[in-house]
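*Asks:* Coordinates for the following, if possible.
(chains A and B)
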Amino acid sequence: MSTEVEVTLRVDGTPHRLTVDVRTTLLDALRERLGNTSAKKGCDHGQCGACTVLLNGRRVNSCLALAVAHDGAEIVTAAGLALDGELHPMQRAFIRHDAFQCGYCTPGQIVSAVAMLAEAEAGWPSAVTMGEPAGVGSGGGDGPTVGTVTDDEVRERMSGNLCRCAAYANIVPAIQEVARR
Amino acid sequence: MRTFRYERSSSVSGAVALLAEAPHGAFLGGGTNLVDLMKLGVAQPDLLVDVRRLVSDRVEELPGGGVRIGAGTPNSECAAHPLVRQRYPMVSQALLSGASGQLRNLATTAGNLLQRTRCPYFQDITTACNKREPGTGCSAIEGHHRDLAILGTSPECVATHPSDLAVALAALDATVRTHGPGGERVISMTELHRLPGPEPQRDTVLQHGELITAIDLPPAPFATRSHFRKVRDRASYAFALVAVAAAIDLADGVVRDVRIALGGVAHKPWRAYRAEELLRGGPADEERFRQAAEAELADARPMPGNAFKVPLARNTLVATLLDLAGGPR
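*Replies:* Residues are numbered from 1 along each chain as shown, chains lettered A, B, ... in the order given. A predicted model of the protein is given here:
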């Protein structure tokens, strides 16, 4: 049985054509085949968020996505957020707020945070904004207003990114600094 | 992970035909549960038919006030869609109370309904599990079963269904449209999932090769007054210990109509018909809500480690109904 497949992936702006075993996840394709170790392998079961990347603009767990199923995809890792050697504002905010200790979850946290603010800005609700019982005609909860994402909102929307050093207390203000801009 | 053949088809019937010829094959949607189960060795398909880009990924209005959710719609987009948020708030709430932002972007609507139980023994291939390997026994009954079922269990299996979305959809009498080897059919959400009985390996009534193509939400004007309440060990990103999906139609303090389903308590979304029956036409007050909840849970058969779920389910149901009754009239 042929289990090798050819896929094209655009990673941090650079196109790659590679042959992978069908079982290869996007995370393993990035790390083991393309030498891009920005996304980290934490749990490898979609529970920790260390492997978070942007897949066609949306944050996903790259450890659960098979490369073969995402042939032609555009992927952005935390490394790809820094354009022309300039750190992304979220990366600078994480440094300024000391929003990490060991740093292993940090690339996933940063990609997730960037995408999360974009989701909030697009008006996507969260369990916090939709949390109250809806009365007739309330519209079932409104999306957040830009720049007013509360700390509870940030915690809820970032709940898929675990930090075992528990740097959460600094991650929330780092994200809030970028959200307020 | 065992290797497999990967196929796509240009048509739904083509995808169905591919799988019909492969008794150990599976459809691949977002893969958030299936790929994980393949890594764990729990699922070992020899063929994956990728249907993620084959079925509709749109939410659209149906004539008469209903809404159709394409089976491939990501959970995040379904939750954010104005038609879903405005007409069926508890569907959005259910989706948003499950998984994480990353998983909701990858996971599809149909895949959400077809995810497997998170019973720790089902996911651990070194243990006995009738759902994973029929006839080997149930490790949970004598083992760790704190998260597992209190209603509709069998001596073979006490697993719970993990989907929050399925609970809200069962309460709303949604229907599931499928395309299988025998053609198309429509299945009621309350009939899609099964109780374990002697065949816990079968989560649903779907046949091998039967593909969910869409979920239809019927018109339900009073569902604008609905709520999904989930109780869990963490504030976010955890499966339900108990969940309640409820919609209520009130007039002058009287319950004109009501829809209730419970999650985290059974092998399927537990539609609370008995409670609904008791509530209809009665006063919208705490005493009646409590009577209805107790009637619904009268047949609960908890195990030593999950007996707390009976009062938890009762109290969560009462609290949800009180919240809804106290909302704007």
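*Asks:* After whatever helix or strand B:T178 lives in, which helix or strand is next? Please name it.
*Replies:* For B:T178, the element it lies in under DSSP states H and E is strand B:175-180. Later in the chain than strand B:175-180, the nearest helix or strand by DSSP H and E is strand B:183-188.
*Asks:* Next, the contact list for the spatially most central residue of chain A, please.
*Replies:* What sits nearest the mean C-alpha location of chain A, by Cα atoms, centre = their mean, is A:S112, with 2.8 Å. Counting by Cβ atoms under 8 Å, 6 or more residues apart in numbering or on different chains, A:S112 makes contact with A:G49, A:T52, A:R59, A:M158, A:G160, A:N161, B:G101, B:Q102. For the C-beta atoms, the positions are set from N, CA and C on the backbone; glycine is no exception.
*Asks:* Wait, a helix at it?
*Replies:* Yes - applying DSSP: H, G, I helix; E, B strand; the rest coil, one finds A:S112 inside a helix.
*Asks:* Run through the residues that contact residue 14.
*Replies:* No chain in the question, so chain A it is. Contacts of A:T14 by Cβ under 8 Å, 6+ apart: none found.
*Asks:* quick one: it and chain B, what's the gap?
*Replies:* Distance, A:T14 to chain B, using Cβ to the nearest Cβ, to the nearest Å: 23 Å.
*Asks:* measure that residue to B:E156 for me?
*Replies:* According to Cβ to Cβ, to the nearest Å, A:T14 and B:E156 sit 53 Å apart.
*Asks:* Verify the contact between A:V53 and A:L34 for me.
*Replies:* No - in this structure A:V53 lies outside contact range of A:L34 using Cβ atoms under 8 Å: 11.9 Å.
*Asks:* Who has more neighbours out of these two?
*Replies:* Between A:V53 and A:L34, A:V53 has the larger neighbour count (other Cβ atoms under 10 Å in any protein chain shown), namely 31 against 17.
*Asks:* wait, is that one part of a helix?
*Replies:* No - going by three-state DSSP, the assignment for A:V53 is strand, not a helix.
*Asks:* give the contact list for it.
*Replies:* A:L26, A:L27, A:L30, A:A39, A:R59, A:V60, A:S62, A:I75, A:V76, A:T77, A:V111.
*Asks:* just the residues you listed that are near chain B?
*Replies:* Subset of the contacts of A:V53 in contact with chain B: A:R59, A:V60, counting by Cβ under 8 Å from any Cβ of the partner chain.
*Asks:* Give the buried subset of the contacts of A:V53 as a PyMOL selection command.
*Replies:* In PyMOL, this line selects whichever of those come out buried by 16 or more other Cβ atoms under 10 Å in any protein chain shown:
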select buried, chain A and resi 26+27+30+39+59+60+62+75+76+77+111
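*Asks:* just the contacts of A:V53 now: which is nearest B:A300?
*Replies:* Lowest distance from B:A300 to the contacts of A:V53 (Cβ to Cβ) belongs to A:V60, with 38.3 Å.
*Asks:* That closest one and A:G72, how far apart?
*Replies:* Separation of A:V60 from A:G72 (Cβ to Cβ): 15 Å.
*Asks:* The residue in chain A positioned nearest to chain B sits in which helix or strand?
*Replies:* Nearest residue of chain A to chain B: A:G160, at 2.3 Å (Cβ to the nearest Cβ). Of the helices and strands defined by DSSP H and E, none includes A:G160.
*Asks:* which residue sits closest to it, ignoring its sequence neighbours?
*Replies:* Among residues not flanking A:G160 along the chain, B:S100 sits closest, at 2.3 Å (Cβ to Cβ, 6 or more residues apart in numbering or on different chains).
*Asks:* Kind regards, and thank you for your time.
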